[in-house]
Structure formats: C-alpha cells, structure tokens
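Visitor: What follows is a protein structure lacking sequence information:
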C-alpha cells in the first residue's frame, strides 16, 4: 500500500503539471482541454502502448480542428464521421484511441480560425505528447495487443455508432455544455476492463449522480477557492490511486469537472445539465445497440459465417504480423527514469 500511494502521487503530479501550467490563465475551457488531452493520452498509453499514444495525436488534432471549423449542421456530421471511424477502427485494434479523439473533439465548440483556436490545438497536442512521454518514462509497454472484432461486426457497429453520435451532436446544438451529450456517447462505447455495454452504462449513470452530489455538497460549504482547488487535485489523485471500478472513476471525474466549472456558472445548473445529458447520451447508446443487434439478425447467416470464419482470422493474422514487425524493429525501451 505505501508503494502504491507513492506511485499514485508521482503519477498525479506528473499528469497534473500541464493543468498547473494553464491554471494561471483562468480559462476553464483551456484547462479542461489540457486535462482531457493529458488524461486520455496516458489512458491510451496504458491500454494500447505509448507508441499508439503518440500515433493518435494527429488523429485527435484533425478531429478537433474539423469540429472547431465546421459550425452549424456540419458539426454533427464531423462527430458522426469520427464515430464511424472509431467503429471501423475496432477491426484493427484502434477503436479506443479514435473514440478518445472523439471525446476531445466533442469539447471543441465551433469557432472562427483565430489565434485562440491555434493555441488550444497546440495545448491539446502538448498535453498528449507529454502524457505519452511520461508513460514511456514510467516503463509502460510500447505496444499492447488490442482485442479485434470481425469486419462485419465492426462495420455494423460503426454505422450504428455514427448514427447515435451524429444524433446526439445534433440534439446538443444550442444547449449549455451541450458537448457532454455526444461526449458521453463516445465515453460509454469505449471498452473498460471487459465490461459489457449495459454494465458500463449503469456504472456511468451511478458515478455521474454521485459525483454531482459530491460537487453540490462541497459548494454548499462555501469553501475558499484554494480549498476547492485542493479538492479537485484530491479527486485527480484518487483517480490515479484506484484506477477502477468505473463508477468510482466516473464519480471522481464528475466531481472534479463540476468544481472546475463552478467558478463561471451556477453549480446547481451544472449538476442538472450534467446528469440530464449523461442519462440522455447513455439512453441513445443503448437504443443504438439494440437497433444494431436487430440489424445483425437480418444479415444472412452465410454472410455472418464468412465474416466470422474467413475475414476476421485474416484481419487478425495481418494485424498480428504487423505488430510483431513493429515490435522487433523498435529499440528496447528504458525503464523508469
């Protein structure tokens, strides 16, 4: 336990550095973007390897730039396109990195191409690069073999995922903190410790409700801003300490995010918005999953058998060969600094 305590402390200090550097700006949007970028960068490194964490950065930046520069009816199209790419990427083990890029892209409100947008993209890239460097310095593996799914199944799920994410993005237009709706769709679809979609959905709802309650309780105490910041940092530390179960992580993330935004908006309004949009997003995902299951039953059995018995093994063998080649050509990674 003492070793885990120390490791968690080192990790939260390392990942909290980018947030600390942007805190003096007072821009909560910039701080949230920094936190998302570094957190997802490290999460991808832990689940897929630090090399994948580096490679996903251009994907994330492209998705964020498109989401920022295409306003109005084009914004849901961009979000749906990222969701489609994330679904198809499951066939080559890249589902989680592309879905993580989708979560961050959802937070990029459409805006004109000015210096502020450029700064935000630079901060996002810097946070992701920093997280990948920290992951490598801590000795995380270069590559993890991600579970693959058949091409037919990934195509069907990609179409459903794109439809649900696009609908969520369209419904979110004009709502305060509306990006939470499509972001929830991406977050729920991302795999977590082999849990089923229904279990992930239930734990995210429970965590969101608990996190909102904690944030409201802290706000009622009317603590000084420095104490509130300390509570946010404590939540970040506990995330690194526990790592799972999902409902605990969701609770801590929700509480930290709501307290971070409470300086600019009424926290009661934030809590209501967060809960409503999270529950709505999860309901859309479950409805889309049910529709996808029904669609898969319509596909002829011969096509399903071909995809399962021939296409999926071929894709798996090709991906495994590529990963072995990359691993063999990679220089040996050093241990923790």
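Guide: Cool, the structure landed. Please read all numbers here as calculations on a predicted model, not as lab measurements.
Visitor: who does the biggest helix by length in the chain touch, helix- and strand-wise?
Guide: Longest helix in the chain by number of residues, with DSSP state H as the criterion: helix 267-298. For helix 267-298, the elements it packs on are helix 151-172, helix 180-189, helix 197-220, helix 246-261, judged by 3 or more Cβ pairs under 8 Å, 6 or more residues apart in numbering; DSSP states H and E. C-beta here means a position set from N, CA and C on the backbone, and glycine is covered the same way.
Visitor: And that helix, how far out from the chain middle?
Guide: Chain-centre distance of helix 267-298: 16 Å, with Cα atoms, centre = their mean, to the nearest Å.
Visitor: relative orientation of it and helix 197-220 in degrees?
Guide: 180 degrees (axes from the mean of the first three to the mean of the last three Cα atoms, to 10 degrees).
Visitor: Okay, and residue 126 sits in which element?
Guide: helix 115-137 (DSSP states H and E).
Visitor: what's the helix or strand for the residue positioned nearest the centre of the chain?
Guide: Centroid-nearest residue in the chain, with Cα atoms, centre = their mean: residue 100, separated by 3.6 Å. Per DSSP H and E, residue 100 falls inside helix 95-106.
Visitor: by contact count, what packs against that helix?
Guide: Going by 3+ Cβ pairs under 8 Å, 6+ apart, helix 95-106 lies up against helix 28-48, helix 50-69, helix 74-89, helix 151-172, helix 180-189.
Visitor: highest average neighbour count across the helices and strands packed on helix 267-298?
Guide: Of all the helices and strands packed on helix 267-298, helix 180-189 has the most neighbours on average by mean count of other Cβ atoms under 10 Å, namely a mean of 27.
Visitor: Let me see the mean pLDDT of it.
Guide: Taken as a whole, helix 180-189 carries a mean pLDDT of 91.
Visitor: before we move on, the earlier item: now tabulate the helices and strands packed on helix 267-298 in CSV and tack on distance to residue 290.
Guide: Converted to CSV, those look like this (distance: least, Cβ to Cβ, whole Å):
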stretch, distance to residue 290
helix 151-172, 9
helix 180-189, 14
helix 197-220, 10
helix 246-261, 21
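Visitor: Out of those helices, flag the one nearest residue 280.
Guide: helix 180-189 (6.1 Å; Cβ to Cβ).
Visitor: List the contacts of that closest one.
Guide: The contact list for helix 180-189 (Cβ atoms under 8 Å, 6 or more residues apart in numbering) reads 79, 83, 86, 99-100, 102-103, 106-107, 161, 164-165, 168-169, 171-172, 175, 197, 200-201, 204, 273-274, 277-278, 280-282, 284-285.
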